[in-house]
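[1] A structural model of the following input is requested.
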Amino acid sequence: MEQAIEKARALIEAMEYIRRFKGKIIVIKLGGSILDDETLRKNLLQDVVFMATVGMRPILVHGGGKAITAAMSQAGLEPVWVQGRRYTDERTLAIAEHTLVNALNDPICRTLNDFGCKAMGLHSLSSCVVFAEPLRLAGADGRKIDLGQVGKVSDVNGELLSTLCRSGVIPVIAPVARSKAGGGKLNVNADSVAGHIAAAVEAEKLVVLSDTHGIRRDIEDPESWISSISEQQIAEMIEEGTLTTGMMPKVEACLAALDGGAGKAHIIDGRIPHSLLLEIYTSRGIGTQITK
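    Numbers count the residues shown, from 1 in each chain. Prediction:
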């Protein structure tokens, strides 16, 4: 009986948030172990279906770095890294595109459809909603470093995404963009894609799911986890050098979303059961919330 009462209390607590977020767009970026573990991924997608069922409008963006590296290894290719980014020639891009679309995007869409939702894969082999321009990094000598077919987001078709959401479709986006200049394809960081999409649709929230339990003031101290932090405090942590290299793309995506008009951004550990629902439908959440 007590267990049933606790479930009822949880439903009552969630009701306030269900009302508040009904009809709102939530951009969810999938990364880390969720993409590698089929059971984790299925459980997470079931939570996404719950969100859609109670009236929220989810948009999914996924990465796939580990899967791409594994596919390259099978093809006899060794990844080349430049300042933490994968150098992408034509062959690498072909492998990345095949992996992202066929090994990840298609199965995610199938799972959502099996759960009774309408999902649509949006990527470079179908309707592309993300456009990019070549990314060049600055070298120590001031010269631009060529990364091959790697891009940075220049434009997002937010109108199409909003229309799909209103019609009850869950867009599922792989981070291979079209180049506006020549119509070619460019590999783009998935965190960055998610941040720009959240800005383009002025999402209520951007939720970045990874293998990290949000932001810590001290990476070695789990007790230093930060529940809520502002843009200004984030800027101070960046200046102090507190944020790790791996956390920076996620933080930058969150800031891009907020600067573009998104309501809030969250970084949470996707390995925790129902972490997505706990972050959205409870008062304290379990990750780090970043506010304007």
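[2] helix or strand for Asp155, which one?
    strand 144-156 (DSSP states H and E).
[3] Send me the helix or strand that contains Ser73 as PDB with only the CA atoms.
    According to DSSP H and E, Ser73 maps onto helix 65-74. Provided in PDB are the C-alpha atoms of helix 65-74 (Å, rounded to 0.1, in the frame of the first residue of the first chain):
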ATOM      1  CA  GLY A  65      31.700   9.200 -31.900                       C
ATOM      2  CA  LYS A  66      32.600   5.800 -30.400                       C
ATOM      3  CA  ALA A  67      30.600   3.900 -33.100                       C
ATOM      4  CA  ILE A  68      32.300   5.900 -35.900                       C
ATOM      5  CA  THR A  69      35.800   5.100 -34.400                       C
ATOM      6  CA  ALA A  70      34.800   1.400 -34.300                       C
ATOM      7  CA  ALA A  71      33.600   1.500 -37.900                       C
ATOM      8  CA  MET A  72      36.800   3.200 -39.000                       C
ATOM      9  CA  SER A  73      38.900   0.500 -37.200                       C
ATOM     10  CA  GLN A  74      36.900  -2.200 -39.000                       C
END
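[4] name the helices or strands packed onto that helix?
    helix 33-36, helix 90-98 (3 or more C-beta pairs under 8 Å, 6 or more residues apart in numbering; DSSP states H and E). For the C-beta atoms, the positions are set from N, CA and C on the backbone; glycine is no exception.
[5] Format these as TSV; extra columns: mean neighbour count and mean pLDDT.
    Shown next, in TSV, are these (neighbours: other C-beta atoms under 10 Å; pLDDT from 0 to 100):
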stretch	mean neighbour count	mean pLDDT
helix 33-36	20	90
helix 90-98	17	96
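[6] Of the ones you listed, which is nearest Ala52?
    With respect to Ala52, and counting by C-beta to C-beta, the nearest of these is helix 33-36 at 17.7 Å.
[7] For the closest one, report the contacting residues that lie outside it.
    For helix 33-36, the surrounding residues in contact (C-beta atoms under 8 Å, 6 or more residues apart in numbering) are 40-41, 44, 62-64, 66-67, 104, 209, 211, 270-271.
[8] Can you name every helix or strand that the lengthiest helix in the chain contacts?
    In terms of residue count, the longest helix belonging to the chain (DSSP state H) is helix 2-21. Using 3+ C-beta pairs under 8 Å, 6+ apart, the elements in contact with helix 2-21 are helix 275-281.
[9] coming back round to it: may I see the contacts of helix 33-36 arranged in JSON lines, with distance to Met15 as well?
    As requested, the contacts of helix 33-36 are exported to JSON lines (distance: C-beta to C-beta, whole Å):
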{"residue": "Leu40", "distance to Met15": "28"}
{"residue": "Arg41", "distance to Met15": "28"}
{"residue": "Leu44", "distance to Met15": "23"}
{"residue": "His62", "distance to Met15": "30"}
{"residue": "Gly63", "distance to Met15": "33"}
{"residue": "Gly64", "distance to Met15": "36"}
{"residue": "Lys66", "distance to Met15": "38"}
{"residue": "Ala67", "distance to Met15": "38"}
{"residue": "Leu104", "distance to Met15": "34"}
{"residue": "Leu209", "distance to Met15": "24"}
{"residue": "Asp211", "distance to Met15": "31"}
{"residue": "Gly270", "distance to Met15": "25"}
{"residue": "Arg271", "distance to Met15": "27"}
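[10] Perfect, that will be all.
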